[in-house]
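Enquirer: Sequence and predicted structure are below.
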Amino acid sequence: MLDREGYRPNVGIILLNTQNEVWWGKRVREHSWQFPQGGIKYGETPEQAMYRELEEEIGLRTEHVRIIGRTRDWLRYEVPDHFIRREIRGHYKGQKQIWFLLRMTGRDCDVNLRMTEHPEFDAWRWHDYWVPLDVVIEFKRDVYQRALQELSRFLTRPAQGVQRATTSHGPRYLRQATGGRIISIDEPDTTGTGTK
């Protein structure tokens, strides 16, 4: 579904923990990181699409989050031709996005990167709000900057006295079956493969 100008309606999600850190996902088999995002289906509102994408991409449901804010208007980015399938070149320009700022009310263990057969992410971590945009694919960086800037007005001071369950800021990986058991994201790698 494209608008008259060739932009596909889309939602972007910035998910905060109690320390105002953002959920930062590593794309499957890539060295780039990004926020969850996805297209708005015909008949969906941006909010409905956001909840659907949140569950499909990171396994969180409405009871795991609270909406804090959203961008006032669409933020657009153009996709370079070499990223566009040949059959839609000329019609498709890029994405127009409504960005949502959410507060996680669930727990880290509620995140599940394998909700679909084709996961978007293979690792995730909490990161400072102002994420390093050099790890975001170049054509999305300006929209990320504008979304973070606009939504920063909704930030509050981190909750006092809240302590992390873990002090590690390292990435958490997809759970993988190994020898008949599931390796938790918090267990050390004992398989010798370098992944958990």
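Expert: Nice, thanks for sending it over. Residues are numbered from 1 along each chain as shown.

Enquirer: now the helices: where do they sit in this protein?
Expert: In the chain, the helices defined using DSSP state H lie at 46-58, 141-151.

Enquirer: Which stretch among the ones you listed is buried most, on average?
Expert: Of the helices of the chain, the one with the most neighbours on average (mean count of other Cβ atoms under 10 Å) is helix 46-58, at a mean of 19. No exception for glycine: its C-beta is placed from N, CA and C like everyone else's.

Enquirer: what helices or strands is that helix leaning on?
Expert: In terms of contacts (3 or more Cβ pairs under 8 Å, 6 or more residues apart in numbering; DSSP states H and E), helix 46-58 is packed against strand 7-16, strand 22-27, strand 37-39, strand 65-70, strand 94-104, strand 121-127.

Enquirer: could you give the angle of the fourth one to helix 46-58?
Expert: It stands for strand 65-70. Computed by axes from the mean of the first three to the mean of the last three Cα atoms, to 10 degrees, the angle separating strand 65-70 from helix 46-58 equals 130 degrees.

Enquirer: Give me the below-cutoff pLDDT ranges for this protein.
Expert: Counting by pLDDT under 70, the ranges of the chain that qualify are 87-89, 158-196.

Enquirer: go with 80
Expert: When the per-residue scores of the chain are filtered using pLDDT under 80, the ranges that remain are 85-90, 157-196.

Enquirer: which residue is nearest the centroid of it?
Expert: With the centre of the chain defined as its mean C-alpha position, the nearest residue by Cα atoms, centre = their mean is residue 36, 2.1 Å away.

Enquirer: so that one touches residue 23, yeah?
Expert: Yes. Using Cβ atoms under 8 Å, residue 36 and residue 23 qualify as a contacting pair, with a distance of 7.5 Å.

Enquirer: coming back round to it: from residue 59, how far out is the residue nearest to the centre of the chain?
Expert: From residue 36 across to residue 59, the span is 11 Å (Cβ to Cβ, to the nearest Å).

Enquirer: swap in residue 41?
Expert: From residue 41 over to residue 59 the distance is 19 Å, taken as Cβ to Cβ.

Enquirer: Which one of those two is surrounded by more residues?
Expert: Between residue 41 and residue 59, counting by other Cβ atoms under 10 Å, residue 59 is the more crowded of the two (17 against 11).

Enquirer: follow-up on the earlier one: name the residues contacting each of residue 36 and residue 23.
Expert: Taking Cβ atoms under 8 Å, 6 or more residues apart in numbering as the contact criterion, the residues that touch both residue 36 and residue 23 are 15, 58.

Enquirer: Please report how far residue 84 lies from residue 2.
Expert: Separation of residue 84 from residue 2 (Cβ to Cβ) stands at 12 Å.
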